[in-house]
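> here is my input, please return the structure:
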Amino acid sequence: MKNALINFDKLIEIRKQLKQNNKKVVFTNGCFDILHAGHVDYLIKAKECGDILIVGLNSDRSVREIKGEKRPIVTQEERAFILNNLKCVDYVVLFDDPTPKELIDKIIPDVLIKGGDWAIENIVGRDVVEANGGEVKNIQFVTSQSTTNIIKKVLDTYNE
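Residues are numbered from 1 along each chain as shown. Prediction:
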């Protein structure tokens with residue numbers, strides 16, 4: 001399997017080129033563990049907010065810190081591979097912290113996107129994006145699907 005992750009230094013170089021070419025860069029992030037229709041719908045809508053979509057992907061260590069020791073189900077390499085092969089995703093970069101704050105501070109996207117479960121004022125990185133003239137948005141989920149629901153369904157189905 002080809003490494004789908006982009007090196008952070010290379011991404012910073014690409015970001016500079018995109019800015020020079022007046023490309024609107026959108027950033028979002030997440031664990032994307034067991035990718036489902038809700039994730040894909042969310043990423044398509046995020047891409048529609050600009051020209052280039054960069055996805056910050058929580059590392060396996062970061063996912064464990066946020067979701068618990070049993071997660072992730074899918075490794076960071078596989079999650080990156082899947083995301084990188086979606087038409088709407090241009091770049092995938094890994095981050096190892098619980099939040100992508102440091103990544104956002106360095107990329108400074110034109111548009112910062114989070115899911116509708118996040119209030120705008122609580123979105124990490126909002127301060128730096130708005131201070132640089134960017135926008136911060138949240139996107140409503142159209143499906144009630146979640147990785148937690150998928151895990152529960154599998155356990156319920158096969159633990160009979």
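
> mind jotting down where the strands sit in the chain?
For the chain, the strands defined by DSSP state E cover 25-30, 52-58, 91-95, 111-115, 135-139.

> make JSON lines out of the ones you listed and add mean neighbour count.
Any C-beta I mention is one placed from the backbone N, CA and C, and that applies to glycine too. Output for those, formatted as JSON lines (neighbours: other CB atoms under 10 Å):
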{"stretch": "strand 25-30", "mean neighbour count": "24"}
{"stretch": "strand 52-58", "mean neighbour count": "24"}
{"stretch": "strand 91-95", "mean neighbour count": "21"}
{"stretch": "strand 111-115", "mean neighbour count": "22"}
{"stretch": "strand 135-139", "mean neighbour count": "17"}
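
> pipe the ones you listed into JSON lines and attach mean pLDDT per row.
Below are these laid out as JSON lines (pLDDT from 0 to 100):
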{"stretch": "strand 25-30", "mean pLDDT": "97"}
{"stretch": "strand 52-58", "mean pLDDT": "97"}
{"stretch": "strand 91-95", "mean pLDDT": "95"}
{"stretch": "strand 111-115", "mean pLDDT": "95"}
{"stretch": "strand 135-139", "mean pLDDT": "95"}
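
> adding distance to residue 153, write these out as JSON lines.
Conversion of these to JSON lines gives the following (distance: least, CB to CB, whole Å):
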{"stretch": "strand 25-30", "distance to residue 153": "20"}
{"stretch": "strand 52-58", "distance to residue 153": "23"}
{"stretch": "strand 91-95", "distance to residue 153": "27"}
{"stretch": "strand 111-115", "distance to residue 153": "21"}
{"stretch": "strand 135-139", "distance to residue 153": "24"}
